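Asker: Show me how the following folds:
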Amino acid sequence: MTNDAKRILKNSFGFSAFRRGQEEIISALITGRDVLAVMPTGAGKSLCYQIPALMLSGLTVVISPLIALMKDQVGALISAAIPGAYLNSSLSSGEYRNTISRAARGDYKILYIAPERLKSEDLQGLGIAPGIPMLVVDEAHCISQWGHDFRPSYMDIRGFIRGLPSRPITAAFTATATDKVKQDIARHLHLENPYLLTTGFNRENLYFEVRHPENKLNALLDCLRARPRKNGIIYCSTRKTVESLCETLRAEGFNATRYHAGLDDEERRNNQDDFIYDRKSIMVATNAFGMGIDKSNAAFVIHYNMPKNIESYYQEAGRAGRDGSPADCILLYSPGDVGLNEYIISNPQNDGIPRDEELIQHNLKLLKCMTDYAVTETCLRAELLAYFGETGEDYCGNCSNCKNIAKTDITIPAQKIISCVYRLEQRGKHFGRAVVADILRGSKTQKILSQGLNTLSTYGIMADIEPYILKRLIEYLVENNYLDTEGEVYPVLRPGSLSGKILFEKEKLSMMLPKDAIPKDGIPKTKKRRTRFILESEEFSDRELFERLRKLRTRLAQESHMPGYIIFSDATLYDICRKKPQTLDQFHNVSGVGLVKKNKYGEVFTEIVREYMAEKTAPSSE
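Answerer: Numbers count the residues shown, from 1 in each chain. Model prediction:
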């Protein structure tokens, strides 16, 4: 079995070795065992069932949630000379009947079906002629109401399986699932002694960053200007934000389009195609966009608003860097995101379904986990992995906290803040966080001046501290009982139970802060913009060759009416740049080049390489 699977892996899909977990899953399926696999986006889930499908006799059925996913997967299969098709609402009635007829005749090896189609009587004859040895449920978390994207149509899968002449091997795949969701998947699908595998959620090629900007739009523009000519997705929580943000980006000269459920079907389809086919480089969207979008060259995913839970965030962020190239996942956080999500969760639009208080409380707990991630001072990657039950290193070196934050002595700033609160109390005055911060920074607002707060000895003594840093310092002192708050509607600050340890006992205090956030020796320092420029998959000098290969891929894709990454991913183009194949045999050794693509594209791509190498080795005319 192993040799046959490896032969298919190379000849049909162009890869020389399995990724983590793939071989074990394939072996389990080939021997007739059910599978439940949790593998991160980009880990190669599709090969885990496509290779067994080619080794088993009969038709493998794949339940898939989105039209875009089916089109991408079937397009990739056909480009590798593997007979595949899909059934969904995008087909005309004639195309739908023809696909059913051909599937019943045994013309296909893999058939993708939308879950909404499973009740169709047309499907009852599918298992008769070719037989259905294996049924695959992709995005299997959709079957659980405790997951982040529950879809009632997924509950029809059990009935479909019961209606088949014999029970097929059943495989369930998802990128994100907690233990509770995994148990739900196994129970709803009646998996029998499944082979369970969680390959790990860590994707080392992704860089995670959380920013707390005073102005989100300016922060977003900074991010985009630092990534010229890059493809990426910007997620927003509402349709209104998508509309206004897309319009603004276009006015700023960015090649952006939009996607949300309020657009008509034709515009959504056209905008999605513009992004998939690289006619538009930036997609501004709600979470209605993305599941199953197999665009491998997205270099960044930016969340303009914080999602409601970590599962959603990690799946959406994971749409960056699917081909293994370094990519950026940036969250622009503000406290207002929390309030908006609390409102959405507490006021569900259930269309007549009774309000489920238990589910609402469950989702509010998930929101709390997401908020904790957004404000943590520890390694972001470790925080994500811990949520999914994995233990990571305390320092990953590839997130904004690890790269830009250091343990900082805040004893003197803490003394200044607590002293300010003491001075106010001595005057019989108590104010909230914002006013205390204004006093410390020397603000000249009417409220400060009219009440004589500018005469305090602590007025202006922290003018060299950025507002967002001062805010975090105050919050830290409140959270750790050095300051207390009083009042619910308009909470004011009072000295906390531990304040004397800082003021009078000279206790040292430190916290994790951005580097250089606290000026030393009284010398103010300008705030460093925390921008991390994306790295390329390979730091090499052959950028010109890569651009020539990319232009060739674009031309071939346009001629074939398919996305460029269906022909070759960016990772394959980088490998061509590294190996510089000049013959077909050498081209076959490139990652992602199978027999079909070697014969179909080998000559034109190696011609580009030969021309490039000839230019580089030609004697100088000078």
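
Asker: Might you list the low-confidence residue ranges for this protein?
Answerer: Applying pLDDT under 70 to the chain flags residues 1-2, 121-122, 124-130, 146-149, 290-294, 350-354, 392, 520-541, 618-622.

Asker: Show me the domain layout of it.
Answerer: Domains of the chain are assigned by automatic domain parsing as 2-198, 206-405, 411-508, 543-617.

Asker: Take those domains and lay them out in JSON lines including mean neighbour count and distance to D516.
Answerer: The C-beta positions use only the backbone N, C-alpha and C, and glycine is treated the same way. Formatted as JSON lines, the domains of the chain follow (neighbours: other Cβ atoms under 10 Å; distance: least, Cβ to Cβ, whole Å):
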{"stretch": "domain 2-198", "mean neighbour count": "19", "distance to D516": "34"}
{"stretch": "domain 206-405", "mean neighbour count": "18", "distance to D516": "10"}
{"stretch": "domain 411-508", "mean neighbour count": "16", "distance to D516": "10"}
{"stretch": "domain 543-617", "mean neighbour count": "17", "distance to D516": "33"}
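
Asker: Kindly reformat the ones you listed as a markdown table containing distance to I518.
Answerer: Putting the domains of the chain into a markdown table (distance: least, Cβ to Cβ, whole Å) gives the following:
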| stretch | distance to I518 |
| --- | --- |
| domain 2-198 | 37 |
| domain 206-405 | 12 |
| domain 411-508 | 6 |
| domain 543-617 | 40 |
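
Asker: So which of those is nearest K515?
Answerer: Of all those, domain 206-405 sits nearest to K515, with 6.0 Å by Cβ to Cβ.

Asker: The closest one: how far from the chain's middle?
Answerer: Centre-to-centre, domain 206-405 and its host chain are 7 Å apart (Cα atoms, centre = their mean, to the nearest Å).

Asker: for the helix or strand harbouring S46, packing partners?
Answerer: For S46, the host element (DSSP states H and E) is helix 45-55. Under the contact definition 3 or more Cβ pairs under 8 Å, 6 or more residues apart in numbering; DSSP states H and E, helix 45-55 sits against helix 2-13, helix 22-30, strand 35-38, strand 60-63, strand 134-137, strand 169-174.

Asker: what angle separates it from strand 169-174?
Answerer: 160 degrees (axes from the mean of the first three to the mean of the last three Cα atoms, to 10 degrees).

Asker: circling back: who wins for proximity to E505 among the helices and strands packed on helix 45-55?
Answerer: strand 35-38 (50.2 Å).

Asker: And the contacts of the closest one?
Answerer: 21, 25, 28-29, 45, 48, 140, 169-177, 182, 185-186, 191, 194-199, 201 (Cβ atoms under 8 Å, 6 or more residues apart in numbering).

Asker: Let me see the ranges of the helices in the stretch 151-300 of the chain.
Answerer: Using DSSP state H, counting those that start in this stretch, the helices of the stretch 151-300 of the chain run over 157-162, 179-188, 216-225, 239-251, 265-276.

Asker: nearest to L584, of these?
Answerer: Comparing those by Cβ to Cβ, helix 265-276 comes nearest, at 29.4 Å.

Asker: which secondary structure elements does the closest one contact?
Answerer: helix 67-79, strand 256-259, strand 282-285.

Asker: Ok, which of the ones you listed comes nearest D4?
Answerer: Judged by Cβ to Cβ, the one of these that comes nearest to D4 is helix 67-79, at 18.3 Å.

Asker: Can you list the helices and strands that the closest one packs against?
Answerer: The contact analysis (3+ Cβ pairs under 8 Å, 6+ apart) places helix 67-79 against strand 84-87, strand 110-113, helix 265-276, helix 564-567.

Asker: now do 6 Å
Answerer: Where contact means 3 or more Cβ pairs under 6 Å, 6 or more residues apart in numbering; DSSP states H and E, helix 67-79 is packed against strand 84-87, helix 564-567.

Asker: Looking at those, which is nearest to G232?
Answerer: Across those, closest to G232 is helix 564-567 (Cβ to Cβ), at 14.4 Å.

Asker: other SSEs contacting that closest one?
Answerer: Helices and strands touching helix 564-567, by 3+ Cβ pairs under 6 Å, 6+ apart, are helix 67-79, helix 543-560.
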